[in-house]
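I would like the atomic coordinates for the input below:
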Amino acid sequence: MSSTPRTATFSSGNSSDHLDTPTLDIESPSLLQSISEHGGYAYVSMAALAAAGDFRAAEAAREMAWEQLHSGPWHSVLPVWRDAYSMACLHVAKYHYRSGEFKEALRALDMGLIMGGMLLRKDLDSAVNKVSGKAKDVRVSEENYQGIGKSEHRLVDRELNEAEVLQILPVKSLTCKIVAKRSNLSLETFLKDYYLSGSPVIISDCMAHWPAKTKWNSRDYLMRVAGDRTVPVEVGKNYLCAEWKQELITFSEFLQRIESYGCSFSVPTYLAQHPLFDQINELRKDICIPDYCFTGGGELRSLNAWFGPAGTVTPLHHDPHHNIFAQVVGKKYIRLYSASLYEELYPYSESMLSNSSQVDLDDIDERKFPKVKELEFVDCILEEGEMLYIPPKWWHYVRSLTTSLSVSFWWGEGESSSAS
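Prediction:
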C-alpha cells in the first residue's frame with residue numbers, strides 16, 4: 001500500500017496516469033441532481049469532494065451508497081443508488097490508479113460492475129481494461145522475481161472410478177432412467193423431440209470449437225486472465241443451510257480455496273450463478289452461445305458461470321427458463337424430476353425459496369417425505385464437452401464429482417429466479 005497522502009487531483013495531461021471517464025463527465029450533474037432528489041444530500045457533498053481528488057470523501061460516498069444498496073430487498077433498491085455506487089467506485093479507483101495501487105483500483109472497479117448500475121458501465125469496462133493490464137504486468141514481475149515456475153497446472157488431473165462415484169451419490173442414482181444422449185443434434189430434431197415435448201437431453205460433440213474447452217482446465221490461464229479480479233462466492237454446503245454465507249474475494253484466492261478444500265479449508269467455496277462473462281470479457285470470448293438457445297424464437301435471458309471443487313451441491317430446485325447447461329471442465333452428476341411433480345417434492349412456502357424443495361436428496365427424511373424415494377426421475381453424469389437441456393420447471397439436483405466449471409444459458413420468457 002502506498003504511503004502517499006490520500007488526497008490527489010485526478011486531472012492530468014498524461015493519459016497514462018489517470019482513468020478517463022467520459023460518461024461520468026457528461027452524466028455527473030444530472031446523476032447528482034437525481035441523488036439529491038432522493039435525499040442523498042450528504043452523498044452529493046462527498047461526491048463533489050471526491051471529484052476534486054479527496055480520497056476519504058470518495059470512500060465515504062461509496063460507503064453511503066453501499067448502505068443504500070443494503071437498506072432492503074435488492075429488487076426494492078432505487079436504480080439511482082446503484083449508479084451512485086458506480087460513481088463512487090470510479091472515484092476510488094482513480095485515486096488507487098494514480099498511486100500505482102492497481103490491484104486496489106481493480107477491486108473498486110469490480111465492485112462497481114458487480115453491485116452498480118448500468119449508467120456508467122462503459123466507463124467501468126474501459127477502466128478495467130486499462131487497470132487489469134497494469135495489474136498483470138505487476139503480477140508477472142513478482143512471479144519472475146520469486147522464480148515461480150511455468151509448469152502447467154491443471155484443475156482436473158484424475159478420473160474417478162465407478163465405485164467412487166456411486167459412493168457419493170444420492171440413493172438409487174443411475175439405477176432408474178438415464179437421460180437420453182444425442183450427438184450433433186440438429187435444431188429441427190431438438191425442436192421436435194425435446195423442446196416441444198419438454199424432455200431433457202444430453203447433446204454431445206458440440207463444444208469442440210470453444211476456446212474454453214482447451215483453456216479453462218489450465219490454472220495458469222485462469223490466473224493470467226482473472227487472478228486479480230474480485231468475484232462473489234458462496235461459502236458452505238448450499239444456500240438452504242444456516243451456516244451458508246456469501247463473500248467477495250479475488251479469483252486467485254478462490255482458486256487457492258478450491259485447491260485446499262478438504263485440507264486447510266474445510267468448507268466448499270462455490271462461484272455459483274454469477275454473470276462472470278459480463279464482468280470478465282476475456283473469458284466471454286472463450287465460449288459461444290449454442291444455436292439451441294434461439295429455439296422457439298426466444299432470446300438469451302441469462303449467461304452464468306458455475307465453478308467449484310468436487311462435492312459442491314446445488315439442492316433440488318426448478319427454474320422458469322429453458323436452460324442449456326454446458327460442462328466445460330470436470331464432470332457433474334445431475335438428477336431431474338418432471339415439472340408435474342411440484343407438490344410431491346414439497347417446495348418451500350416462502351416466496352424467496354418457492355422454487356426450492358425441502359427434500360435433501362443426500363439425507364432424505366422418510367418420515368416427513370415418505371413418497372419421495374418412490375418418485376420417478378432421470379439422471380446422468382455430465383462429462384466434459386457435453387450440454388444438458390433442462391426444460392422450464394423441471395426439478396434438478398446438481399453435484400460436482402470433480403473440480404468443475406460449467407456455463408448455463410437461460411432463454412425464453414418468464415421471470416428470473418432467486419436461486420439455481
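
residues in contact with residue 203?
Neighbouring residues of residue 203 by C-beta atoms under 8 Å, 6 or more residues apart in numbering: 181, 182, 183, 185, 190, 292, 324, 386, 387, 388, 389. From N, CA and C alone the C-beta is placed, and that goes for glycine too.

Restricted to helices, list these.
Among the contacts of residue 203, the ones falling in helices (DSSP state H) are residue 190.

State the pair within the contacts of residue 203 that is farthest apart.
183 and 324 (15.7 Å; C-beta to C-beta).

of those two, who's got more company?
Set residue 183 next to residue 324 and count neighbours by other C-beta atoms under 10 Å: residue 324 wins out with 22 against 10.

So the nearest residue to that one once chain neighbours are set aside versus residue 191, what's the distance?
Nearest non-adjacent residue to residue 324, counting by C-beta to C-beta, 6 or more residues apart in numbering: residue 409, 4.4 Å away. Look at residue 409 and residue 191: by C-beta to C-beta, to the nearest Å, they are 16 Å apart.

And residue 119, by the same measure?
Residue 119 is 39 Å from residue 191, where distance means C-beta to C-beta.

repeat for residue 359
Separation of residue 359 from residue 191 (C-beta to C-beta): 33 Å.

The two: which is more packed in?
Neighbour tally, residue 359 and residue 191, criterion other C-beta under 10 Å: the higher count belongs to residue 359, 23 against 14.

pLDDT wise, what is that one at?
Listed pLDDT for residue 359 reads 95.

so it makes contact with residue 371?
No. With contact defined as C-beta atoms under 8 Å, residue 359 does not reach residue 371; the gap is 10.2 Å.

how many other residues sit next to residue 28?
Using other C-beta under 10 Å, residue 28 has 16 other residues around it.

pLDDT of whatever helix or strand it lives in, averaged?
In the assignment (DSSP states H and E), residue 28 maps to helix 22-37. Per-residue pLDDT over helix 22-37 has a mean of 97.

quick one: contacts of it?
Identification of contacts with helix 22-37 by C-beta under 8 Å, 6+ apart yields 43-44, 47-48, 51, 80-81, 83-84, 87, 90, 119-120, 122-123.

Please repeat the previous calculation with a cut-off of 6 Å.
43, 44, 80, 83, 84, 90, 120, 122, 123 (C-beta atoms under 6 Å, 6 or more residues apart in numbering).

Just the mean pLDDT for the helix or strand hosting the first one, thanks.
What it means is residue 43. Assigned by DSSP H and E, residue 43 belongs to helix 41-51. Helix 41-51 shows an average pLDDT of 97 in the prediction.

about what we covered before: kindly write the ChimeraX command that selects the buried subset of the contacts of helix 22-37.
In ChimeraX, a selection of the buried entries from the contacts of helix 22-37 looks like this (16 or more other C-beta atoms under 10 Å):
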select :43,44,80,83,84,90,120,123
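
want to try TSV for the contacts of helix 22-37, with secondary structure and distance to residue 393 as columns?
Below are these laid out as TSV (DSSP: H, G, I helix; E, B strand; the rest coil; distance: C-beta to C-beta, whole Å):
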residue	secondary structure	distance to residue 393
43	helix	42
44	helix	46
80	helix	35
83	helix	35
84	helix	38
90	helix	41
120	coil	37
122	helix	37
123	helix	39
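
so what's the residue nearest the centre of the chain up against?
The residue lying closest to the centre of the chain (C-alpha atoms, centre = their mean) is residue 274, at 1.7 Å. For residue 274, the contact set (C-beta under 6 Å, 6+ apart) comprises 232, 305.

Relative to residue 394, how far out is it?
Residue 274 is 22 Å from residue 394, by C-beta to C-beta.

go on, residue 280?
Taking C-beta to C-beta as the measure, residue 280 and residue 394 are separated by 30 Å.

Also residue 258?
29 Å.

ok, now residue 281?
32 Å.

Between these two, which is the more surrounded one?
For the pair residue 281 and residue 394, the greater number of neighbours falls to residue 394 (20 against 13), based on other C-beta under 10 Å.

In contact with the more buried one: list those residues for me.
Residue 394 is in contact with 336, 339, counting by C-beta under 6 Å, 6+ apart.

Got the confidence number for residue 371?
87.

Correction: the previous question concerned residue 262.
For residue 262, the model assigns a pLDDT of 70.

again, but for the one 10 residues further on
With respect to pLDDT, residue 272 scores 96.
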